[in-house]
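Asker: Pasting the sequence and the predicted coordinates here, then a few questions.
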There are 4 protein chains.
Amino acid sequence: MAQSPTHPRPSTSTTPVAQPDAYATVRHTTESLCRGLAVEDYVVQTCDDVSPAKWHLAHTSWFFERFILAELVPGYAAVCPMYDYLFNSYYNGAGPQHCRPRRGLLSRPTVEQVYDYRHLIDERMHALIDHPPPGVDETLAARLTLGLNHEQQHQELLVTDLKHVFSSNPLLPAYPNAPPHDSPEGTSAGKSIRNQKSEINLPGGLDDIGHPATPTATPIFVYDNETPRHRVYLAPFRIAARPVTNGEYLAFVADAGYERHELWLSLAWDVVQREQWRMPLYWYRDGDRWMHYTLAGPCEIDPDEPVAHVSYFEADAYARWADARLPTEAEWEVACRDAPLAGNLLELARFHPEPMRDDTTAATHPQRCFGDVWEWTQSSYAPYPGYRAPAGTLGEYNAKFMCNQYVLRGGSCATPQTHLRPTYRNFFPPGTRWQFTGLRLAWDG
Amino acid sequence: MAQSPTHPRPSTSTTPVAQPDAYATVRHTTESLCRGLAVEDYVVQTCDDVSPAKWHLAHTSWFFERFILAELVPGYAAVCPMYDYLFNSYYNGAGPQHCRPRRGLLSRPTVEQVYDYRHLIDERMHALIDHPPPGVDETLAARLTLGLNHEQQHQELLVTDLKHVFSSNPLLPAYPNAPPHDSPEGTSAGKSIRNQKSEINLPGGLDDIGHPATPTATPIFVYDNETPRHRVYLAPFRIAARPVTNGEYLAFVADAGYERHELWLSLAWDVVQREQWRMPLYWYRDGDRWMHYTLAGPCEIDPDEPVAHVSYFEADAYARWADARLPTEAEWEVACRDAPLAGNLLELARFHPEPMRDDTTAATHPQRCFGDVWEWTQSSYAPYPGYRAPAGTLGEYNAKFMCNQYVLRGGSCATPQTHLRPTYRNFFPPGTRWQFTGLRLAWDG
Amino acid sequence: MAQSPTHPRPSTSTTPVAQPDAYATVRHTTESLCRGLAVEDYVVQTCDDVSPAKWHLAHTSWFFERFILAELVPGYAAVCPMYDYLFNSYYNGAGPQHCRPRRGLLSRPTVEQVYDYRHLIDERMHALIDHPPPGVDETLAARLTLGLNHEQQHQELLVTDLKHVFSSNPLLPAYPNAPPHDSPEGTSAGKSIRNQKSEINLPGGLDDIGHPATPTATPIFVYDNETPRHRVYLAPFRIAARPVTNGEYLAFVADAGYERHELWLSLAWDVVQREQWRMPLYWYRDGDRWMHYTLAGPCEIDPDEPVAHVSYFEADAYARWADARLPTEAEWEVACRDAPLAGNLLELARFHPEPMRDDTTAATHPQRCFGDVWEWTQSSYAPYPGYRAPAGTLGEYNAKFMCNQYVLRGGSCATPQTHLRPTYRNFFPPGTRWQFTGLRLAWDG
Amino acid sequence: MAQSPTHPRPSTSTTPVAQPDAYATVRHTTESLCRGLAVEDYVVQTCDDVSPAKWHLAHTSWFFERFILAELVPGYAAVCPMYDYLFNSYYNGAGPQHCRPRRGLLSRPTVEQVYDYRHLIDERMHALIDHPPPGVDETLAARLTLGLNHEQQHQELLVTDLKHVFSSNPLLPAYPNAPPHDSPEGTSAGKSIRNQKSEINLPGGLDDIGHPATPTATPIFVYDNETPRHRVYLAPFRIAARPVTNGEYLAFVADAGYERHELWLSLAWDVVQREQWRMPLYWYRDGDRWMHYTLAGPCEIDPDEPVAHVSYFEADAYARWADARLPTEAEWEVACRDAPLAGNLLELARFHPEPMRDDTTAATHPQRCFGDVWEWTQSSYAPYPGYRAPAGTLGEYNAKFMCNQYVLRGGSCATPQTHLRPTYRNFFPPGTRWQFTGLRLAWDG
C-alpha cells in the first residue's frame, strides 16, 4: 500500500509487554490513537456496544487505579470517588456501575480532565513501579501485565468505536489517523485473486490446544480463558488458505444470499428480516457501485480485500452458501498455530484490511492468519475442560461471558501485534458486526 | 437576591424585536447563554426532548438560512447542503430530517464549525437586511421577526436542556452562567409566605381573548395560534394571587399525594406507577433534607419559591388535592392580561425561580404572572375559533401540534421578556417536566 | 335493507331504563348478542383495547355485585372473592385489578361458569329489587340505572370487540347474528348520493349545552360528564347535513391523502408512518376492488355508507383535505339536539352502517345524527365548567379519563337507542379505530 | 406413589414406533392428554413460547398432511388451504406462517373443527398406510416415523404448555388428568435423601458418542442432530448419582443464591435483575411455606423431588455455588448410556417429578437418567462433526436452531418413553424455564 509519507501516523512501536518501559509504551499508544480527534469526537456513543473515546481513556486508567494503586499503595486516596461509578465497566465486585448505554450522556469530566486523570494515574503508576512497597512485586507484575493487555483491548475498541461514530454521521468524516485511500488504479490494477481456491489438508487426530501457562505466571502472559491446555480429538479437515474476500462475498449477495431463508440459522433469519440486513455493515450502494465507509472515508469496495464487518450469522450463511463451514476453534488453532505472528495489525496504522494480491493456490499453510480481520469460528465460547475462573473481582474479566457468544481467532488491523498469541480467544455475540470480523472457510477432510 | 457582582452574566439586554438591531441583539443573547460551556457540554443529548446546545445554535441559524436567505436571496447557495437534513427540526415541507433522538450522536460539525456557520449566516443576514432585493421588504420583515422569536424560544430550550444535561451527570456540575446560591441564611430567613392564602374574584361573563393582530402583520408580532381574537363566555371564578410554592407542594407530597390514586387522572396514574414519580423532577432526598438540582448546582429546597418542573399530571393532582382546579387559558388571560409584563425572566439571568416573600393576602390582582414558572392551564391546546394555519411550510410551526398537549401561560425564568405577551400560548404534552413549569390554582366563583 | 327473514336476530326490544322490567330486558339483550357464538369466540383478546366476550359478561355482572349487592345487602357473601380481582376493570377504589392486556389469557372461569355467575347475580338482583332492605331505595334505584347504562355500554363493546376478534382471524368468520349482505344489485343499484353537498347554517351566539339534571337524580338518567348545563358562546357556523361517506373518503385515499404530511397533525403523521395506515381499519384491496371486513363477513365497500372505523387523526386529516373542519361538541349539540333520537341503532340488529340513498341537498336540519357511526368532534374531552366528580369509587367512572381523549357525539349501529341522549358524550383517544367511528364536517359560518 | 384408582388417566401404553399400529397409538395418546379439558383450555396462549392445545392438535395433523399426504397422494386436495398458513410452525420451505405470538388470538377453527380435522387426516393417513401408491414405501415409512416422533414432542409441549396456562390463571386450576397430590404424610414421611452425596467416577479418554444410524434409515429412528457418531476425547470426570433436589436447591436460595452476582453468568445476572427471579418458575412463598404450582394444583414443595423449571442460567449458578459444574453432553452420554431407558416418563401419567427416597451413596452408576426432569448440560447446541442438514424443507427440523441454545439430556415426566434414546439431544435457549428442566452435577476427575 502506498502510504502518504506525510500522513500523521499514531505511534505504535513494538511493545513486548514484559519489557521495562511497557507501561509507558502502551499508554502512549492509546493516546496516539486519539491524535487529531476533535473534542466532540471523544464524547459521542452511537450504540450500546460503542463507548465514547474519552470513556476508553478514563476506564483504562481506572483499571490501573482500582486494581493496582488502590490495592497495593497503602492509604491510597482515589482521584475522584465518583470515577469508581463512572468508569467501572462491568466488575460487579468493584461496585455499581453507570449504565453502559448512557456513557454518551456525560459531558463531564471533560476530555481535558480525562487526560489529566490519565496523566495523574501515570505518575502514580510510575512511582509505584519504581518504588513498590515490600511484598507486592509478584502481584504488581501480574496486574500490570493484565492492565496493559486490558488497555490493548481498548485500543482496538477505540478504533472500531470511532469507526462507528464517524460512520453514523451523515457527513461521513474520516478518522484523522487513517492513511488516505490509494489511487483508484491501485485498487483495480493487477491480477485479482478472485476465483482462486486453495485449501490446506489437515489430518486431525489427537492433539492439544490452549496455552500451557497458568494465567498469573510471569513473564509469559495469557488470559485465563486460553487455559488449561487440553487434549482434543479432531476428524480430518480442510481449511482455506486465506480469508473470504469482498469479491467472493459480493457473489453471495448477488446470488440473493440475504433473501434465501434456507441459508440462515433461525435466529439469524429473524435478525435479517427485522434489521433488513442486505450487506455487511458499512456497505452501501451508490448507483451501480458498491461502496463502504472506511476510516479513511467512503470508497469503492476492493474485491480482493478480506470481507469485514460481517456477523457470525452472515459468516455462517456465507459458508453454507459456499458449500463449506466455519472451522472450530480447535481446528483453527491446529491449522494456524505455526503461522508467523505478523500481518496487517495495529502497529501498521492502516486501520483497514489490506487487499490480497498473491496467488495462494499452491499454499501449503494458511496465510493471513493474523491481522486484517478476526475470523469467526463455529465454536461457542465455553470454558476449556478443567478451567476455573480466577478468584476475586478480576475473575469477572472473562469467565462470566461464556454464554451465547462465539469465538473468533486471529486478530485484526486494529489489534496490537504484541497482544496476540495463536491460542488467543476473542469472542462476541453472533449478531456483532462493528468489529473487523471476517471468516475463513473449512470443510470436512 | 444577593447576586455576586463578579459572577459572569450572559448579556440579555432588553430587545424590542422591531428595533433596528434586533437581529444582532437576539443572536448575541443566544451565544451569551453558552458562555463558559465546555465543548463537551454542547454535544450531549440526555433524552429525546432535549437537544444538544450546538444543535440549537445551528438550527436557529438554519431557520434564517432556509426560510429567509434561500427564499429571498437570488441564486443563494447553501452553506452545506447536508445541514438541511441535520438541522431541520420538524418541517416536513422543507424535506426529511435527521431523527430527533439521534441529535446527540453527531460529533461533527464541531462546535467551532457551528459557530462558524452561525457567523456566516449572520454576515449574510446583515447583508440582506442592509441591502434587500427589491420587493421582499414585507416578507423579509415578517420572516425576520418570526426567526428572532423562534430563536428566543430556543434560548429558553437551551437553558432547560442544559439543566437536563447537567443534572443527568452524577457529578452534578453547575451551569457556568448561573449565579451562585444565596447564603444559607438567605433561604430560611425572614417571614415565610406559607399558609397565606389569597384569591382574586372575577365575575366572568362575555369577554374576548386572543390577539387581534393578523400573524403576518408588522410591526406587532404574534404567533398564529394566538389568533383570531374571539368571544368567550366565562362563569364567575376565582384565581390565586400567586403560584403554588415548594412548601405547599411539599405538603401534598407529605400527605402521600403520589400514592393516592383518587387524586390522579388515569393516564397520570399510569405514569406515576411506571416511572415511580414521587416528587418533581430534579428533587431528591438527602437524609431528612429535601434537595433539588438547580443550574447553580444542588441545594436545599426553598419553601417560598414557586414549585417548578411539575407536569400537567402533577399540577392537576395537586389542584385536586387542594380542593381547587387549574384555570382555563381563557380565565388566565382575562385575570392576568393587565399584569405588568415583567418579572424573573431570562434577562435577569437568574435561571431559577425567585422565592416569594411578600404578603399577598390583600392582593387585588394576580401577582407573578410572568416569569419564574410557566403555569399549566386545564385547556387542551386547540385552534381558536376561526383559526386557519398559515399556508406553506411555516404553517407547520404551530398548527400541527394541536393535539394531546396542554396550554401553559405566563413565562419562566428562562423566557425572554421581549418574547412574551398576555395572549402568548405555550404548550406541552401533559407528562412534560423538564421545562420550568408550575401552576396557579383556580376555583369556581 | 332486505333482511333475511330466517336470520337469527338478537332480541333488543325497546328498553326505557326506568320501566319495571328494565333489568331483565337489558341483561337479556346482552346475552342475546352472544347467541350463536362458539365457546372459543368468548375467550380471545386480539388487542389491549378488546376484551373477551366472556369478560364483558362477567364484568357487567360484577358491577352489580360489587356496587349494589355487596353494598346494599346486609352480610352479603361474594360469589367468588377472586372475581373482585378478575372482573374489576379500572376502579382503583375497589381494589387491584387483573392486568387488562391479559384478559385473554384466562381459560377459567369457563363460559358456562360465567353464565352461571350471571344468572346467580340475576337471581340475587331480582330478590333485592323485589324486597329491598329498608332505607336503600334511592341508592338502589340510582345504582341500578347506572348498572344498566353501564351494561349497555358493554353491549356496544361486545359487538365492536367481536368484530375485531373475527377480523383478526385469517379465516374471516362472520358474526352469527349479523344479517347477511344484501344482494349485489342492492349495493350498486339506485341513485348515489355522491357529490351531493348540503350544509346547515347556524347562527351561533350565546347558548346552553349539557344536561340540566344532576347525575344521581331519578327517573332521568344522565352521566356526570354531561353536566352541569352551562352557557357557551358560539360563532356562526355551518354543519353538514349528513356524515361523510365511504365514497367521499375513497376520494381522499385516491388523492394520496395518507401520503401528504401537510394534511395531518404531527402525532397523527407519526402513527400513519409507524403503523403504515393507508385506509380505514377493516378496509383492504382485493385486486381493483375496495373491500372491508364487516360483521357479516368480507364484502365490497358501498360508497354510500357513512365511513366507519376512522380515528380522530383520520377524521381531522380528511376534514382538512376537504377544506372543512370537525365541529366542536357544543356546535354538534346545538345543531343536532332536536333531531329525532332514532336511526340505525343496536335495536335494529344490523351491526353495520346503512347506506344513505336520500337526497339531502335541501335538508334544513342535520340528518342521521344518531345511529350508524359515532361522529368525532374537535373537542378534547374535558370537564364542563362547574363539574365535580362524584365522591367514592364510582367517581372513577368518567372523570379520571378527561385527558388526551376526544369527544364523539351521536351513536352507532352498536349503541342501544335507550342509552342515548343529545347531550351524551362518548370519548376515545385520537388513534382509536375499532369502534364504529366516522365524522360529519363543519365550517365557519 | 399412591395414585387414586378412580382418577382418569390418559392412555399412554407403550408405543414402539415401528409397530404396525404405531400411528393410531401415538395419535390417540395425544388426544387422551386433552381428556377432561374445557373448550376454553384449548384456546389460550399465555406467552410466546406456549401454544394453545388446539394448535398442537392441528399442527401435528398438518405435519402429516403437508409432508406425507400432500407429497405422496397423487392429486391430493388440502382440507383447508388456509391451514398451511395457520398451522405451519416454522418451516419456511412450506410457505409463510401465522405469527407465533398470535396463536392464541384465533377462536376459529373451533376445538370441534380441529378434532374433525384430526380425524379426517387420520382417515386419509390410514388409507394411505393401507394402500400406498407404488414406489413411496420407503419415503412413507421414514416420514411416518418422523411424523410420530414429531407428535410425541408435541405431547410433551401440550403438557408443559397447559401447565403454563393453568398456572397463569389466578384461580390456579388443576390439569384434569393429573393424579391428586399424595396425602401430606406421604411427602414428609420416611427418610430423606438430603445431605446424601454420591458421585460416579469415569475415566474419560477416547470414546464415541452420537448415533451410528443415518437419520432416514428404518426401522431405527434417530434425529439427524444425533448423528454422525463421532470420536471425542474426555478428561477424567465425576458425575452425580442423581439429579439435584428441591431441598438442595432451597439451600442455594436460602444462601442468597439469587442475590450474589459472582455466582451468575453475565447474561444470567441481567435476567435475574430484570425479571426479578428469586426462585424456580412456579415456586412461591405462602407465609413460611415454600409452595409451587403443579399440574395437580398448588402444593408444598417436597425437598426430595428433583428440582424442575430451572433455566440453564440457574442450573449453572447452582452448580457454581455447589463447587461443581454441569456435565458436557458427551460426559452425560458416556456416563448414562447404559442406564435403563425407564423412569417417571409420560406413560406413567404422573405429570410431575417423583421424590427420590432411596439411598444412592453406594451407587456405581447414575440413577434417574431418564424421566422426571431434563438435565441441562454445559454444551452449546451445535452440529456434530460431519453433520449435514437433510435436504429440503424437513432439513429445517433441527439444524437451523443450532445457535444460542443449550443441550439437555435424559427426558422428563412429560416425555414419552418410546421417544427417547441415550443419544437424544433436547435443546432450549438458556433462559427457558417452562419445561420440566433440572440438572445433575459433575466435577473434574
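Answerer: Happy to help now that I have it.
Asker: residue contacts, A:Ala58?
Answerer: A:83, A:86-87, A:109, A:114, A:117-118 (CB atoms under 8 Å, 6 or more residues apart in numbering or on different chains). For glycine as for every other residue, the C-beta is placed from the backbone atoms N, C-alpha and C.
Asker: Can you pick out the most distant pair from the residues you listed?
Answerer: Of all pairs drawn from these, the one with the longest distance (CB to CB) is A:Leu86 and A:Arg118, at 14.3 Å.
Asker: ok, back up a step: can I get the contacts of A:Ala58 in TSV including secondary structure, distance to chain C and neighbour count?
Answerer: Listed next are the contacts of A:Ala58 as TSV, based on DSSP: H, G, I helix; E, B strand; the rest coil; distance: CB to the nearest CB, whole Å; neighbours: other CB atoms under 10 Å in any protein chain shown:
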residue	secondary structure	distance to chain C	neighbour count
A:Tyr83	helix	40	22
A:Leu86	helix	35	20
A:Phe87	coil	38	25
A:Pro109	coil	37	23
A:Val114	helix	39	24
A:Tyr117	helix	43	21
A:Arg118	helix	44	20
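Asker: Can you add distance to B:Ser412 and pLDDT and give these back as CSV?
Answerer: Shown next, in CSV, are the contacts of A:Ala58 (distance: CB to CB, whole Å; pLDDT from 0 to 100):
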residue, distance to B:Ser412, pLDDT
A:Tyr83, 35, 98
A:Leu86, 31, 97
A:Phe87, 36, 98
A:Pro109, 30, 98
A:Val114, 35, 98
A:Tyr117, 37, 98
A:Arg118, 41, 98
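Asker: Would you reformat these as a markdown table and include distance to chain B?
Answerer: Rendered in a markdown table, the data for the contacts of A:Ala58 read as follows (distance: CB to the nearest CB, whole Å):
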| residue | distance to chain B |
| --- | --- |
| A:Tyr83 | 10 |
| A:Leu86 | 6 |
| A:Phe87 | 11 |
| A:Pro109 | 7 |
| A:Val114 | 10 |
| A:Tyr117 | 13 |
| A:Arg118 | 16 |
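Asker: and which of the residues you listed is nearest to chain D?
Answerer: Distance to chain D across those (CB to the nearest CB) is lowest for A:Phe87, with 18.4 Å.
Asker: Once you drop chain neighbours, what's closest to the closest one?
Answerer: Computed as CB to CB, 6 or more residues apart in numbering or on different chains, the closest residue to A:Phe87 that is not its neighbour in sequence is A:Trp62, at 3.8 Å.
Asker: what sits against the one you found?
Answerer: For A:Trp62, the contacting residues are A:83-84, A:87-88, A:121, taking CB under 8 Å, 6+ apart as the criterion.
Asker: what two of the residues you listed have the greatest distance between them?
Answerer: With distances taken as CB to CB, the most widely separated pair in those is A:Asn88 and A:Ile121, at 14.8 Å.
Asker: from what I can see A:Ala178 touches A:Ala296, true?
Answerer: Yes - with contacts counted by CB atoms under 8 Å, A:Ala178 reaches A:Ala296, the gap being 4.2 Å.
Asker: Please identify every residue contacting each of those two.
Answerer: Listed as contacting both A:Ala178 and A:Ala296 by CB under 8 Å, 6+ apart are A:351-352.
Asker: which one of these two has more residues nearby?
Answerer: In terms of neighbours (other CB atoms under 10 Å in any protein chain shown), A:Ala178 is the more surrounded of A:Ala178 and A:Ala296; the figures are 23 against 18.
Asker: Next up, the contacts around that one.
Answerer: Taking CB under 8 Å, 6+ apart, we find A:Ala178 in contact with A:294-297, A:350-352.
Asker: let's see 7 Å
Answerer: Contacts were defined as CB atoms under 7 Å, 6 or more residues apart in numbering or on different chains; by that measure A:Ala178 touches A:295-296, A:351.
Asker: Quick check: the gap between it and chain C.
Answerer: The gap separating A:Ala178 from chain C is 37 Å, by CB to the nearest CB, to the nearest Å.
Asker: do the same with A:Ala342
Answerer: Here the distance between A:Ala342 and chain C works out to 52 Å (CB to the nearest CB).
Asker: And A:Thr377, by the same measure?
Answerer: To chain C, A:Thr377 is 40 Å away according to CB to the nearest CB.
Asker: Any idea how many residues pack against that residue?
Answerer: Using other CB under 10 Å: A:Thr377 sits among 28 other residues.
Asker: Quick check: it touching A:Leu326?
Answerer: Yes - under the contact definition of CB atoms under 7 Å, A:Thr377 touches A:Leu326, with a separation of 5.7 Å.
Asker: surely A:Phe166 meets A:Thr160?
Answerer: No - between A:Phe166 and A:Thr160 there is no contact, the gap being 11.1 Å when judged by CB under 7 Å.
Asker: Looking at those two, which is more packed in?
Answerer: In this view A:Phe166 and A:Thr160 are compared by other CB under 10 Å, and A:Phe166 has more residues nearby, 23 against 20.
Asker: Now that one: closest residue in space, sequence neighbours ignored.
Answerer: In space, not counting the residues next to it along the chain, A:Phe166 is nearest to A:Pro173; the distance is 5.2 Å by CB to CB, 6+ apart.
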